[in-house]
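A.B. asks: show me how the following folds:
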Amino acid sequence: MGNKKLSKKISIYLLLGIIIVAIFFRFYNFPLRYGLGEETVRDAVVGIEGARELQFPLVGAFSSAGPFTFGPWFYYQLIIFNLFTQSAYASWIYLGLASTLCVVVLYKIGELVEGKTFGLILAFFSALSPALIIAATHLTTQNLTNIYAFLAIWIFLKLVLQKLSNWWGFTFGIILGIGINLHYQMA
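C.D. replies: Residues are numbered from 1 along each chain as shown. The predicted model follows:
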């Protein structure tokens, strides 16, 4: 029993260390790492102005793939986060936090599939993943789909492997819906 508690404590400390590493790579010198392209600035301004005016748009950003727009959930999240932070960097901070949360969700996926050791390995590689680090610095809708994709996988695995209430299935549908609303690559 003592070894199991020690093992649990060690895995918690290792996970906290991995999260600290993830935060470092996502937020170190962050204002100098942000791209300020046309679309990025537009999205940041929509978040700032939406929070200032308390207005939520009915549609999202235009797609470069064709004559259609994405849903407004990306903007809703930026506006809500801007309401709480009141910073010009709020949108990028939100992406950084979402990217850091990916590390935790990947740990939970690994723990569910193969145990704590595999969860720590997944968390470690995701903390150092260039794709997830870049997703924290580029303000685009597709970079926010990472967290929704990982959450959808985690909930799906929980639904398949464990006996859960119907609320988990409902939450799974909401996660998929918001993820697809952000960007169709979520499908």
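A.B. asks: helices or strands up against the helix or strand that contains Ala22?
C.D. replies: For Ala22, the host element (DSSP states H and E) is helix 2-27. Packed against helix 2-27, as judged by 3 or more C-beta pairs under 8 Å, 6 or more residues apart in numbering; DSSP states H and E, are the following elements: helix 90-113, helix 116-127. Placement of C-beta: from N, CA and C, glycine included.
A.B. asks: kindly calculate the angle that the longest one makes with helix 2-27.
C.D. replies: Read it as helix 90-113. 150 degrees (axes from the mean of the first three to the mean of the last three C-alpha atoms, to 10 degrees).
A.B. asks: of all the helices and strands packed on helix 2-27, which lies closest to Pro67?
C.D. replies: helix 90-113 (25.8 Å; C-beta to C-beta).
A.B. asks: buried stuff in the helix holding Ala22?
C.D. replies: Neighbour-count burial for helix 2-27, counted by 16 or more other C-beta atoms under 10 Å, picks out 11, 14-15, 18-19, 22-23, 25-27.
A.B. asks: show me where pLDDT drops low in this protein?
C.D. replies: For the chain, the stretches with pLDDT under 70 are 1-6.
A.B. asks: repeat the analysis, applying 50 as the threshold.
C.D. replies: Along the chain, segments meeting pLDDT under 50 span 1-2.
A.B. asks: related to what we said a few turns ago, save the helices and strands packed on helix 2-27 as a markdown table, and put in distance to Gln77 and mean neighbour count too.
C.D. replies: As requested, these are exported to a markdown table (distance: least, C-beta to C-beta, whole Å; neighbours: other C-beta atoms under 10 Å):
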| stretch | distance to Gln77 | mean neighbour count |
| --- | --- | --- |
| helix 90-113 | 7 | 21 |
| helix 116-127 | 21 | 20 |
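A.B. asks: so can I have JSON lines of those showing distance to Gly60?
C.D. replies: Formatted as JSON lines, these follow (distance: least, C-beta to C-beta, whole Å):
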{"stretch": "helix 90-113", "distance to Gly60": "14"}
{"stretch": "helix 116-127", "distance to Gly60": "27"}
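A.B. asks: tell me how many other residues surround Pro130.
C.D. replies: 8 (other C-beta atoms under 10 Å).
A.B. asks: leaving out chain neighbours, which residue sits closest to Ile80?
C.D. replies: Of all residues not flanking Ile80 in the chain, Ala51 sits nearest, at 7.7 Å (C-beta to C-beta, 6 or more residues apart in numbering).
A.B. asks: count of neighbours near the one you found?
C.D. replies: Neighbours around Ala51, by other C-beta under 10 Å: 20.
A.B. asks: would you confirm that it contacts Leu83?
C.D. replies: Yes - counting by C-beta atoms under 8 Å, Ala51 does reach Leu83; the two are 4.6 Å apart.
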